[in-house]
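S.K.: This is a predicted model, with the sequence first.
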Amino acid sequence: MPWFEALNLRKTYPIGGGEKLALDDFSLCAERGDFVGIVGRSGSGKTTFLRIVAGLLRRSGGELRLGGREISGETGVTDEKIGIVFQEPRLMPWLTVEKNILFAFLRQPRREQPTEKADRLLTMLGLSEYKNAYPDQLSGGMAQRVALGRVLCYGPELILMDEPLGALDFFTRKSLQEEILKLYESEKKTILFVTHDVEEALILSRRIVVIDEGRLCADIPVGLPYPRRRGDPRFAALLEEILSLILSRETL
Amino acid sequence: MRSAWWSPFLLPGPLVVLKSFFALVESGELLRNVAASVLRIVKGFGVSAIFALALAFVCGVNKRVLRQLTPLMEFLRHIPPMATIPMLILWFGIGEASKLVIILMATFFPIFLNTVQGIVQCDTGLREVARSFRYTPRQTLRFVVIPSALPYILTGMRLGLGYSWRSLIAAELVAASSGLGYMILDAEQLSRPDVIMVGILVIGFLGSVMDFLLAAVTVRIHAYGRASGAVV
């Protein structure tokens, strides 16, 4: 049985007296340590899927299992921790960088907060100097690093990333892609990574899932070693294959 | 002292005002009146802040309560506290209670409305972050909503504090025998514009000091007050 299973997920939104189908019998499995890139055009259901897994949205039907256990349809609560990195950093503006990283533990007494782990993460993410800075003193890339650190500090087995690099400039994006890969290789977490950038998905993911109109269109393994180069002919062939798949569905 | 430019009766000169100030300090009259007024402000503002914050949190968290209370609040908000003085004397007599109610009426709405605004406008993205870390609604309120609403709460408190000084004269119109408002009204009866000026300046000074203290306390509690520009 796969470690993570989404089976026949359905999600409908009420729109003007009718219903819009955002996810239509969508199924996806992942093993522990997998890195699954989920690509598709805007409105294809990528974010809806991630928000359901994170427990931020109620599903209309289907099942979700993590580590063999059902994730509650009401709240998404499970024994296994799930963390999500959003497109925007969503840092608490009144907390320092360190406190933002420790955010999941602020409800606990101070002595029970994993401050050493936070320090380690700050060093790993190159943020040690900014430990006592506030979010409005950070650049977009640094803020997104803090958001990443916040999730890693929480220690989830499954990390959901909803276009976390979507709002960043080209150079920051490249450096954060490398950072995410480093973290993935060192932490060995399972990652579901939503993006509309197929190239980015190819650089990062072990598998790429194409989603269109709430349905799974393709599940393509990326059998290339890290780090991946755009100049690699196999990279270009995969990019071509996925892009033509998405574009052909667009013209339907 | 006479001035060729203006009548000292209409606007007493600074030296005359300063002299009156020292005379009032020396006689202990100023300190007595300041103490009486500050006590009224502290009591009226304190009670008002407790009520306004408590009701604002109930309304901010429970949208149904807010919807049902909004028409009543809108109605009450537009009634000037001074217009209610005759009724307040009937209900509460001419003692301290009616004076406190006037201050309370003047300070309640800025605190209440700003706090509700702060809670309602708390970024849903930040609430979602808390939810994703499995924060309970109560934990979300404590660790996300209240800190996020703090600049609004502080603004409401500072506006309320300012209004409480403004309503002081109205409050001390009600058969007062002490307080800066009483001192000003008494000076008016005695045609002492210099004493009136002392009263006005002292109210301005005390208002600024209390506002500064409130801001300073909030900065110590929360750095966000400074970061958000709510505290200067």
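M.R.: Cool, the structure landed. Residues are numbered from 1 along each chain as shown, chains lettered A, B, ... in the order given.
S.K.: Excluding sequence neighbours, find me the nearest residue to residue 178.
M.R.: You didn't pick a chain, so chain A it is. Spatial nearest neighbour of A:E178, excluding adjacent residues (C-beta to C-beta, 6 or more residues apart in numbering or on different chains): A:P227 at 7.7 Å. Placement of C-beta: from N, CA and C, glycine included.
S.K.: meant chain B actually
M.R.: Leaving aside its chain neighbours, B:S178 sits nearest to B:A36 (3.9 Å; criterion: C-beta to C-beta, 6+ apart).
S.K.: wait, doesn't that neighbour sit right on B:G181?
M.R.: No. Counting by C-beta atoms under 8 Å, B:A36 stays clear of B:G181, with 9.3 Å between them.
S.K.: still on that earlier bit, for the residue nearest to B:S178, grab the count of nearby residues.
M.R.: Neighbours of B:A36 under the rule other C-beta atoms under 10 Å in any protein chain shown: 21.
S.K.: Are we agreed that it is in a helix?
M.R.: Yes. Checked against DSSP: H, G, I helix; E, B strand; the rest coil, B:A36 lies within a helix.
S.K.: quick one: it and chain A, what's the gap?
M.R.: 38 Å (C-beta to the nearest C-beta, to the nearest Å).
S.K.: From B:S177, how far out is that residue?
M.R.: Here the criterion is C-beta to C-beta, to the nearest Å. By it, B:A36 lies 9 Å from B:S177.
S.K.: Then A:A133?
M.R.: As judged by C-beta to C-beta, A:A133 and B:S177 stand 56 Å apart.
S.K.: between those two, who's got more neighbours?
M.R.: Taking other C-beta under 10 Å, A:A133 and B:S177 do not tie; A:A133 has more neighbours (16 against 8).
S.K.: For the more buried one, give me the pLDDT.
M.R.: A:A133 carries a pLDDT score of 93 in this model.
S.K.: Shouldn't it be within a helix?
M.R.: No. Using three-state DSSP, the assignment for A:A133 is coil, not a helix.
S.K.: any idea how far it lies from chain B?
M.R.: Per C-beta to the nearest C-beta, A:A133 is found 11 Å from chain B.
S.K.: Identify the residue nearest that residue in space, chain neighbours excluded?
M.R.: A:A133's closest residue in space is A:V97 (C-beta to C-beta, 6+ apart), at 5.3 Å.
S.K.: Which residues are in contact with that neighbour?
M.R.: A:L122, A:L127, A:Y130, A:K131, A:N132, A:A133, A:Y134, A:P135, A:L138, A:V146 (C-beta atoms under 8 Å, 6 or more residues apart in numbering or on different chains).
S.K.: and what of A:A147?
M.R.: A:V85, A:F86, A:P89, A:R90, A:L91, A:P164.
S.K.: Three-state assignment for it, please.
M.R.: Assigned with three-state DSSP, A:A147 falls in the helix class.
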